[in-house]
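Student: Mind looking at a prediction? Sequence and model below.
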Amino acid sequence: MDQETAERIRQGWRAELGAPAAFLGSGRHVHLRTEDDPARAGWVGVVTLGDATCVSLPATAPAWLHDLRRRDQDADLTEPAVVATVIGPVEQFVGPATQAFLDPTAVRAHDRPQVEFIPAGHDAVRRLATACGRRDAEESGILAVDSSVAVRQVAGRVVAASGYRVWHGRLAHLSVLVDPAHRGRVPQWRVRRTLLASRQIARSLGFEELGRQATYKLALPWSSPVSSPS
């Protein structure tokens, strides 16, 4: 992937995280959120792009967490087992996911008459989200897109949907959701790391894996881990 496209990706993530100093060089950047939605209290976000990582901490994070700027630099904080050792007990963990991006010059447009377009938030997409379950639906982000939604129907029922949400005028954040009975036929750009088949499909279409992502809610009360790897 060319450097201009890679920088667009980094810029989009800086804007999304509200962390202008993230991904400016290799290593880890710890970002303390100044304003937080109460629903995000206690949640830590980790995004890795290439050899650069941004750890996004809630405004109420204890001081010892800020030391992640200097300690355990080689620890992969998108891995649940590593997080449990370096940071401490986790109440909820979303991910880890692999991020793949497609170079705009590699996009190939094809005529696909079996694909239809419907408005974002259409009842048919909501029914698909219900069929897939809350966790998969939320992880896909399909109900938050602001584009039209491309859908594939079988016997009058939507079994796959894809759309995107524009991030700060720089990135098209692609969402894909597929009915469990029809998976393995449609590529996804962001998937849980363990879903090797979906990752392979994305690569075959030209998507390049450039990053990792995880979000977790620390168990309260927060306390410093007894020990951490050197």
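Tutor: Nice, thanks for sending it over.
Student: contacts, neighbours, all on C-alpha from now
Tutor: OK.
Student: need the next SSE after the worst-scoring helix or strand of the chain on mean pLDDT, C-terminal direction.
Tutor: In the chain, no helix or strand scores lower on mean pLDDT, DSSP states H and E than strand 190-192, which sits at a mean of 71. Elements were assigned by DSSP states H and E; along the chain past strand 190-192, the next helix or strand is helix 196-204.
Student: so what's Leu24 up against?
Tutor: Remark: with contacts taken as CA atoms under 8 Å, 6 or more residues apart in numbering, Leu24 is in contact with Ala52.
Student: For it, what are phi and psi?
Tutor: Note on Leu24: its backbone torsions stand at phi -90, psi -20 [degrees, to the nearest 10].
Student: From Gln92, how far out is it?
Tutor: Here the criterion is CA to CA, to the nearest Å. By it, Leu24 lies 30 Å from Gln92.
Student: mind giving me the domain split of the protein?
Tutor: With domains defined by automatic domain parsing, the chain comprises 3-101+211-218, 105-188.
Student: Ends of the longest one, what's the gap?
Tutor: By CA to CA, the extent of domain 3-101+211-218 from end to end equals 36 Å.
Student: Nearest spatial neighbour of Arg10, chain-adjacent residues omitted?
Tutor: Phe23 (6.3 Å; CA to CA, 6 or more residues apart in numbering).
Student: buried sites along stretch 117-124?
Tutor: Buried residues in stretch 117-124, counting neighbours by 16 or more other CA atoms under 10 Å, are found at 118, 120-121, 124.
Student: Out of the residues you listed, which comes closest to Ser175?
Tutor: The closest of these to Ser175 turns out to be Ala120 (CA to CA; 11.6 Å).
Student: Could you check how far the residue of the chain most remote from its centre is from Val30?
Tutor: Seen from the C-alpha centroid of the chain, the residue lying at the greatest distance (CA atoms, centre = their mean) is Ala155, 31.6 Å away. Going from Ala155 to Val30 by CA to CA gives 49 Å.
Student: Report the buried residues of stretch 26-38.
Tutor: Buried residues in stretch 26-38 (16+ other CA under 10 Å): 27-32.
Student: In strands only, show me those residues.
Tutor: Of those, the ones assigned to strands by DSSP state E are 27-32.
Student: Can you show me the strands along this structure?
Tutor: Using DSSP E, strands in the chain cover 27-32, 43-49, 52-57, 90-101, 115-118, 149-154, 157-167, 171-178, 190-192, 208-218.
Student: how deep is the residue nearest to Leu218 when sequence neighbours are not counted tucked in, by neighbour count?
Tutor: In this structure, Leu218 finds its nearest non-sequential neighbour in Val90, 4.4 Å apart by CA to CA, 6+ apart. Val90 has 18 neighbouring residues, counting by other CA atoms under 10 Å.
Student: cool, Ala21 as well?
Tutor: Other residues near Ala21 come to 12 when the count uses other CA under 10 Å.
Student: what's the longest helix in the chain?
Tutor: The single longest helix within the chain, with elements called by DSSP state H, is helix 3-17.
Student: Just the buried positions in it, please.
Tutor: Buried residues in helix 3-17, counting neighbours by 16+ other CA under 10 Å, are found at 6, 9-14, 17.
Student: which residues are in contact with it?
Tutor: Helix 3-17 is contacted from outside by 20-23, 49, 56, 103, 167-168, 170-171, using CA under 8 Å, 6+ apart.
Student: Could you identify which of these has the most neighbours?
Tutor: Ala22 (27 neighbours).
Student: these two touch, right, it and His29?
Tutor: Yes. Under the criterion of CA atoms under 8 Å, Ala22 makes contact with His29 at 5.8 Å.
Student: Right, I'll call it a day here.
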